[in-house]
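In: take a look and give me a structure for this.
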Amino acid sequence: MIIKLSKLLLIGIDAHSKNNVACFLDQDGHTIIKSIEFENNLPGAQILEEKICALMESGHYDSLKIATEAASLYHVHLLDFLSSSEKISKYDVEIYQLNPKLTSGFKKAYADKNKTDHIDAFIIADRLRFGRLPNPYYYNQPYIPLRRLTRYRFHLIESITREKNYFLLHLFLKYSSFSTLKPFSNTFGATSLAVILEDFSLDDFANKSIEDLVDFVSHHGKSHFNDPDKIAKKVKQVAKESYRIRPALANSVNLILTTSWQNIKTMTKSLKEVDKAIAVELKAFPNTLESVKGIGPVYSAGIFAEIGNIKNFASHNALAKFAGLTWRQNESGNFKAEITKMTKTGNKYLR
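Out: Okay, the predicted model is just below:
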């Protein structure tokens, strides 16, 4: 009986915005040809496709593994092209997008190697040889559009939070006691912003009568405050206790606060539009997550988009590892650490 051994071609691709580099190894880790550089566009991808097919035929390979790092979004078009290629699909092919942490940790074994695109492509190809790979990448995964939206929402939330902190930092320059005395429950409410953004100096507010301040608060609050007199006194106290900003700096701070608030409003409006788009995309999928108390459409969309097909996970432990919600053991001899750190090596969006 003759057993035919499978020949495997391994391709590692280091993807960038302008050019990509591909390295070609056999299953023993030997370089087949010199790594090639090609443009990260459709003609460049077609050149790589032809090179792969030529190598598969000339080397009599019958299986193929291709991988890139999930570095920003520069790898997405190339992976979609390769995974949908009819020319490549006739071979036994598996395509992967690797978490950069997988390859960065693996690269430590090559302490003598430099940091170049060609060497990075080699590391990615060599990592394929050692197995323990994530689930393969498939073209036209139905949840990818939803994932892009939920991740953009994540980006917006982070940006809004960062901008609000920037706003509050400069608020201290204008009214140093505002955050301490908290005249309003919501610093970003309409009346609070009227106090912050109006072209009044500290002395203007300090010299106003309580009656005038009550009128100011009632007008901007549309008479919704239960105790405008109390708020007016707090505003007056803020004005009296805050540092006086020098005039040369005041104009700059006022401009920064005004434009920063415009940024917050714009991003908040975008957030509402994204939430609507997420709700529309989510309707295309069966969704039972919202039956769990505390999980609404946005959170359920985020969870679903990151997990994808739950059948890809053999157990709840596999899913926890994918999210990075696991804790490393720390043992040596008779010692066993009681406190260990969460790995956080998985999907940060899901976590």
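In: the strands in the protein, which residues?
Out: 8-14, 19-26, 31-39, 63-69, 92-98, 331-332, 335-336 (DSSP state E).
In: so the first one versus strand 31-39, what angle?
Out: Orientation note: strand 8-14 sits at an angle of 40 degrees relative to strand 31-39 (axes from the mean of the first three to the mean of the last three CA atoms, to 10 degrees).
In: which elements pack onto strand 8-14?
Out: strand 19-26, helix 42-58, strand 63-69, helix 117-129 (3 or more CB pairs under 8 Å, 6 or more residues apart in numbering; DSSP states H and E). For the C-beta atoms, the positions are set from N, CA and C on the backbone; glycine is no exception.
In: so which bits of the third one are buried?
Out: Pointing back at strand 63-69 there. Using 16 or more other CB atoms under 10 Å as the test for burial, strand 63-69 gives 64-69.
In: what's the answer for the first one, then?
Out: For strand 19-26, the neighbour count (16+ other CB under 10 Å) marks 20-26 as buried.
In: can you redo the helices and strands packed on strand 8-14 as JSON lines with distance to K87 and mean pLDDT?
Out: Shown next, in JSON lines, are the helices and strands packed on strand 8-14 (distance: least, CB to CB, whole Å; pLDDT from 0 to 100):
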{"stretch": "strand 19-26", "distance to K87": "16", "mean pLDDT": "96"}
{"stretch": "helix 42-58", "distance to K87": "5", "mean pLDDT": "96"}
{"stretch": "strand 63-69", "distance to K87": "11", "mean pLDDT": "95"}
{"stretch": "helix 117-129", "distance to K87": "20", "mean pLDDT": "94"}
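In: okay if I get these as a markdown table plus distance to D212?
Out: Output for the helices and strands packed on strand 8-14, formatted as a markdown table (distance: least, CB to CB, whole Å):
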| stretch | distance to D212 |
| --- | --- |
| strand 19-26 | 66 |
| helix 42-58 | 67 |
| strand 63-69 | 62 |
| helix 117-129 | 66 |
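In: for R246, which of the strands of the chain is the nearest?
Out: strand 63-69 (50.4 Å; CB to CB).
In: what separates the closest one from the chain centre, distance-wise?
Out: Distance, stretch centre to chain centre, for strand 63-69: 24 Å (CA atoms, centre = their mean, to the nearest Å).
In: partner strands of it and their direction?
Out: strand 8-14 (parallel), strand 92-98 (parallel) (DSSP bridges).
In: so the closest residue to K321 other than its chain neighbours versus L102, what's the distance?
Out: Nearest residue to K321, sequence neighbours excluded (CB to CB, 6 or more residues apart in numbering): G346, at 6.3 Å. With distances taken as CB to CB, to the nearest Å, G346 is found 11 Å from L102.
In: cool, S85 as well?
Out: 24 Å.
In: next one: S6
Out: Distance, S6 to L102, by CB to CB: 24 Å.
In: who's more crowded, these two?
Out: L102 (20 against 9; other CB atoms under 10 Å).
In: ok, the more buried one touching F130?
Out: No. Look at L102 against F130 with CB atoms under 8 Å: they stay out of range, at 9.9 Å.
In: all helices for the stretch 51-200 of the chain, in order.
Out: Assigned by DSSP state H, counting those that start in this stretch, the stretch 51-200 of the chain shows helices spanning 76-83, 86-89, 100-107, 117-129, 144-174, 178-181, 190-197.
In: deepest of the ones you listed, which one?
Out: helix 117-129 (a mean of 21; mean count of other CB atoms under 10 Å).
In: helices and strands around it, which ones?
Out: Right, helix 117-129 is packed against strand 8-14, strand 19-26, strand 31-39, strand 63-69, strand 92-98, helix 100-107 by 3+ CB pairs under 8 Å, 6+ apart.
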